[in-house]
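Chemist: Here you go, sequence then predicted model.
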Amino acid sequence: MSDATNPAAQGDACALPAPGAASASSALVRTWQGPSAQERLAMLRRAKSIAIVGASANPARASYFVSTYLLSSSPYDVYFVNPVADEILGRKVYDSLADLPVVPDVVDVFRKHDDLPGVAREAVEVGAKTLWLQLGSWNEEAAAIAENAGLDVVMDRCLKIEHARFHGGLHLAGFDTGVISSKRQVVSK
């Protein structure tokens, strides 16, 4: 898979890096301790609005997949932030968090590693409650900026996966099959 088609190489999250792939962020020692499952569930239950920073209109991007899920399967008001897009999924896109018509409860970030501290500062400035760095994103400087200002922080976790997990909609393929069984399903031809 080339870097042009590899979501992990493009900085997208909710996609696992290729086996053996090393990045600058994965080479760092991780000292930050994230919230427990119960704490993440509480964050999602408190939230009313989510701003997706780095949202994309490209269906191949993880942010697009997460956006479609949140719009169709969650109770949240979803806002898109991307200074180079005008519309995504029929919704207005904002240039920055400061341009949003509301203060987002959760800032869900799909940006490259070096951009994360700046996004954390912007989330603090607008008064967000939670900074959520997607699966594959880890930046302890961004976490410290947000936590020092009183924000909750989640790193290296997909908001879509967490929401689905807590609400019974997670299946190996990423959706709810409606079947509760430990046996493998037989598909008739």
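Modeler: Nice, I can see it.
Chemist: For residue 146, which residues are in contact?
Modeler: Residues in contact with residue 146, defined by CB atoms under 8 Å, 6 or more residues apart in numbering, are 120, 123-124, 131, 152-153. Using the backbone N, CA and C atoms, a C-beta is placed for each residue, glycine as well.
Chemist: Which ones among these lie within strands?
Modeler: Among those, the residues falling in strands (DSSP state E) are 131, 152-153.
Chemist: Look at residue 51 and tell me its secondary structure.
Modeler: strand (DSSP: H, G, I helix; E, B strand; the rest coil).
Chemist: With residue 162 as the reference, measure out to it.
Modeler: Counting by CB to CB, to the nearest Å, the gap from residue 51 to residue 162 is 17 Å.
Chemist: can you check residue 133 too?
Modeler: In terms of CB to CB, residue 133 sits 12 Å off from residue 162.
Chemist: The two - which one has more neighbours?
Modeler: Neighbours were counted for residue 133 and for residue 162 using other CB atoms under 10 Å; residue 133 has more, 28 against 19.
Chemist: doesn't residue 159 make contact with the more buried one?
Modeler: No - Residue 133 is not in contact with residue 159 according to CB atoms under 8 Å; the separation is 9.8 Å.
Chemist: Point out where this protein drops to low pLDDT.
Modeler: Applying pLDDT under 70 to the chain flags residues 1-28, 168-189.
Chemist: can you map out the strands along the protein?
Modeler: For the chain, applying DSSP E gives strands covering 49-53, 77-81, 87-88, 91-94, 106-109, 130-133, 152-154.
Chemist: Run the angle between the second one and strand 49-53 for me.
Modeler: Orientation check (axes from the mean of the first three to the mean of the last three CA atoms, to 10 degrees): strand 77-81 against strand 49-53 gives 20 degrees.
Chemist: For strand 77-81, buried residues please.
Modeler: Applying a neighbour-count criterion of 16 or more other CB atoms under 10 Å, one finds 77-81 buried in strand 77-81.
Chemist: what lines up beside that strand in the sheet?
Modeler: Sheet pairing of strand 77-81 (DSSP bridges) gives strand 49-53 (parallel), strand 91-94 (parallel).
Chemist: Go through the ones you listed and name the closest to residue 29.
Modeler: Proximity to residue 29 (CB to CB) singles out strand 49-53 among the strands paired with strand 77-81, at 26.1 Å.
Chemist: Which residue lies nearest the spatial centre of this structure?
Modeler: The centroid of the chain falls nearest to residue 134 when counting by CA atoms, centre = their mean (3.9 Å).
Chemist: that older thread, looking at the contacts of residue 146, which is nearest residue 143?
Modeler: Out of those, the member with the shortest distance to residue 143 (by CB to CB) is residue 153, at 4.7 Å.
Chemist: partner residues bridging the closest one?
Modeler: Listed by DSSP bridges, the beta-bridge partners for residue 153 are residue 131.
Chemist: what about it, how many residues close to it?
Modeler: Number of residues near residue 153 (other CB under 10 Å) recorded here: 22.
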